[in-house]
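Student: When you get a sec, could you give me coordinates for this:
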Amino acid sequence: MKTRNINLLKFIILVLAVSCIDSTVRSQPLNMTRDEIIQYTPLWKGERFPDGRPKVSDDIIRRMKYVPLSVAWQTIHRQRVDIQLPKDMSAGAHVTVDYGPKYCYYGEFKKMYEDVTICGRAVTMQTLPGRPDVNAAIQQQGQKEGLRRVGGTYAIDILEKGDVYVVNFCEGMMDNSHVGDNLGNSIWQRSGNGAIIRGTVRDREGCMEIDDKGFNLFVRDFRPESGGIGPYMVVGRNLPIQIGYVTVMPGDVVLAKQEGVLFIPPHMAEQIVVEAEKSGLLDRWAHLQLAEGRITASQADGAYTEEMHQMFDQWLRDNIDNMEKFYDNPAMTPSKEFIREFIKERESGIRFRP
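Tutor: This next block holds a predicted model:
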């Protein structure tokens, strides 16, 4: 029943994608054009790549890498989105929905490394079990676009620095290993990042030679063979894909850590980083106070008194120039400018508490 439901969802997604595609020539039947990516990521108001993908800033991506998954989860959990529907739908013109982390998190992965975080902007690719007549049409269209063959490198070839390669490889059910050390090297050289693969990967030892501080793979499984149960075909890149029970859009911010992966809608990224850095400062101060016996556990967990607020504000002022000493990794330390703005915000009466 579970497999049938997954296949039904996949079919619905593909039908919807086909229904929105016009006669514009493209190298794959289900690719989204720039205009379509913009249309289906309407909450992002910032810069975009030439292909239409939301371009969350390098600064936010750098800082996001140090955000705990549980903290990012909390921010997403609080989101509510006002959706405008066609007037003839029975639900009415507007609906407010709970965005909820259940739509963004998936945890059932094996990892090459437990302690290497992947963080970047998603480039997506979808494959399906091979069907000769459909695949022949795909290859013919690809040749018209100047491609020798439409295959496993189709989305890898367009990766840019900071991208994360995210692929649904036949929903991970074919045991047809998609990436080995050759494609792994290609992914790393083009993106400087890792990959999220709903499928299997081979040459694990070779992939581990690529870069043990920046390259990682989150996969369904590792296997030794290059072949598998049957052939596959690539049906598109930079389109909505399914990873487990999550829909991933091109340009989503991928945050992959030990617990699993969050696929973060771009318009939420900055808020997540800002709240995480504020929360981190509060937690470090509270942990110090607990260690010195100045506050109780319940107070540290959020029951701040006015005196505690004043103590925390003074701690921020006293340590603005050497805050890195309170962080195991200095790269996690919020900037001085950020801390100054946080102090001003608190002095104005706005006291953030996660």
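Student: Helix or strand, whichever it is, which one in this structure has the lowest mean pLDDT?
Tutor: helix 2-19 (a mean of 43; mean pLDDT, DSSP states H and E).
Student: after that helix, next one along is what?
Tutor: helix 34-39 (DSSP states H and E).
Student: just checking, what packs against that following helix?
Tutor: Contacting helix 34-39 under the criterion 3 or more Cβ pairs under 8 Å, 6 or more residues apart in numbering; DSSP states H and E is no other helix or strand. Yep, even glycine has a C-beta here, placed from its N, CA and C like the rest.
Student: which parts of it are buried?
Tutor: E36, I37 (16 or more other Cβ atoms under 10 Å).
Student: And that helix, how far out from the chain middle?
Tutor: Distance, stretch centre to chain centre, for helix 34-39: 19 Å (Cα atoms, centre = their mean, to the nearest Å).
Student: okay, that helix in CSV with CA atoms only?
Tutor: Output of helix 34-39 as CSV, limited to C-alpha atoms (Å, rounded to 0.1, in the frame of the first residue of the first chain):
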residue,chain,number,x,y,z
ARG,A,34,12.8,30.1,-15.8
ASP,A,35,9.4,31.6,-15.7
GLU,A,36,7.8,28.4,-14.3
ILE,A,37,10.4,28.2,-11.5
ILE,A,38,9.6,31.8,-10.6
GLN,A,39,5.9,31.0,-10.8
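Student: Please spell out which residues along the helix or strand following that helix are buried.
Tutor: For helix 34-39, the following helix or strand on the C-terminal side (DSSP H and E) is helix 58-64. For helix 58-64, the neighbour count (16+ other Cβ under 10 Å) marks I60, I61, R63, M64 as buried.
Student: show me where pLDDT drops low in the stretch 201-350 of the chain?
Tutor: Regions of the stretch 201-350 of the chain meeting the criterion pLDDT under 70 cover residues 226-230.
Student: Helices of that one, residue ranges please.
Tutor: For the stretch 201-350 of the chain, applying DSSP state H, counting those that start in this stretch gives helices covering 204-207, 269-291, 297-300, 306-319, 336-347.
Student: Next, the buried residues of the longest one.
Tutor: Spelled out, that is helix 269-291. Buried-residue list, helix 269-291, by 16+ other Cβ under 10 Å: 269-282, 284-286, 289.
Student: Please save the CA atoms from it in PDB.
Tutor: Below are the C-alpha coordinates for helix 269-291, written out as PDB (Å, rounded to 0.1, in the frame of the first residue of the first chain):
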ATOM      1  CA  ALA A 269      16.400  30.800   5.300                       C
ATOM      2  CA  GLU A 270      17.400  34.200   6.600                       C
ATOM      3  CA  GLN A 271      14.900  34.000   9.500                       C
ATOM      4  CA  ILE A 272      16.200  30.600  10.500                       C
ATOM      5  CA  VAL A 273      19.800  31.800  10.600                       C
ATOM      6  CA  VAL A 274      18.900  35.000  12.500                       C
ATOM      7  CA  GLU A 275      16.900  33.100  15.100                       C
ATOM      8  CA  ALA A 276      19.500  30.400  15.400                       C
ATOM      9  CA  GLU A 277      22.300  32.900  16.100                       C
ATOM     10  CA  LYS A 278      20.200  34.700  18.700                       C
ATOM     11  CA  SER A 279      19.200  31.400  20.300                       C
ATOM     12  CA  GLY A 280      22.900  30.300  20.300                       C
ATOM     13  CA  LEU A 281      23.900  33.500  22.300                       C
ATOM     14  CA  LEU A 282      21.200  33.000  24.800                       C
ATOM     15  CA  ASP A 283      22.100  29.300  25.300                       C
ATOM     16  CA  ARG A 284      25.800  30.000  25.800                       C
ATOM     17  CA  TRP A 285      25.100  32.600  28.400                       C
ATOM     18  CA  ALA A 286      22.500  30.300  30.200                       C
ATOM     19  CA  HIS A 287      25.000  27.400  30.200                       C
ATOM     20  CA  LEU A 288      27.600  29.600  31.800                       C
ATOM     21  CA  GLN A 289      25.100  30.700  34.500                       C
ATOM     22  CA  LEU A 290      24.100  27.100  35.200                       C
ATOM     23  CA  ALA A 291      27.700  26.000  35.600                       C
END
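Student: Okay then, goodbye and thanks.
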